[in-house]
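Novice: based on what follows, work out the 3D shape:
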Amino acid sequence: MLGIHLLQCLNGCTTDIWSAVDFQPEVDGVRCRLLNEPPRCPLCGGLARPNILMFGDWDWRGHLYQEQHARLQQWLNAVKRLVIIEIGAGTAIPSVRHFGEFQDGFLIRINLRESDLPTGRRGIGLELGGLEALRQIHVALDALS
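Specialist: Here you go, the predicted structure:
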């Protein structure tokens, strides 16, 4: 489950993380305001927040991420011929781009404006939108079989 679907206590009364499935936000789109009650911590009753790492966020509960990261590393170590398909990752927040660039595999970078690969990097940059690029990859794979 992704962090956006998980909550944690804003007060830090617990390191627990829980599902946000019961919180259905009602939003006034014009005023950009939440209309219903915000999610609450089941232990202390204080506000809950998404379990997402923000910039300079010392209160993020990252143990679930660390477990997922360890499983990802195990999987990457077992893969024989890795292909990374990166769709729409830009340079403004480059964490996704860095992930693909530092893996030992073939990188397919799909980006309308920033499709260049670093010098010497194995892969291809496709200056296309995500859906169109995936359609073209599908056609090319069909032609091979």
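
Novice: what about V79, how many neighbours?
Specialist: Using other C-beta atoms under 10 Å, V79 is surrounded by 11 other residues. From N, CA and C alone the C-beta is placed, and that goes for glycine too.

Novice: where in the protein is pLDDT low?
Specialist: Regions of the chain meeting the criterion pLDDT under 70 cover residues 1-3.

Novice: let's go with 80 and repeat that
Specialist: Along the chain, the parts satisfying pLDDT under 80 run over 1-3, 55.

Novice: how's it carved up into domains?
Specialist: For the chain, automatic domain parsing gives the domain ranges 1-78, 80-144.

Novice: could you list the buried residues of the helix or strand where F99 lies?
Specialist: F99 is located in helix 95-101, with elements delineated by DSSP states H and E. Buried residues in helix 95-101, counted by 16 or more other C-beta atoms under 10 Å: 97, 100-101.

Novice: just put these in CSV and tack on distance to G129.
Specialist: Listed next are those as CSV, based on distance: C-beta to C-beta, whole Å:
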residue, distance to G129
R97, 17
G100, 18
E101, 21
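
Novice: ok, and what's touching the helix holding F99?
Specialist: Outside helix 95-101, the residues that touch it by C-beta atoms under 8 Å, 6 or more residues apart in numbering are 84, 86, 89-91, 107, 109, 117-118, 121.

Novice: what's the answer for stretch 33-43, then?
Specialist: Stretch 33-43 is contacted by residues 7, 9-11, 13-14, 16, 18, 20, 23-28, 46-48 when judged by C-beta under 8 Å, 6+ apart.
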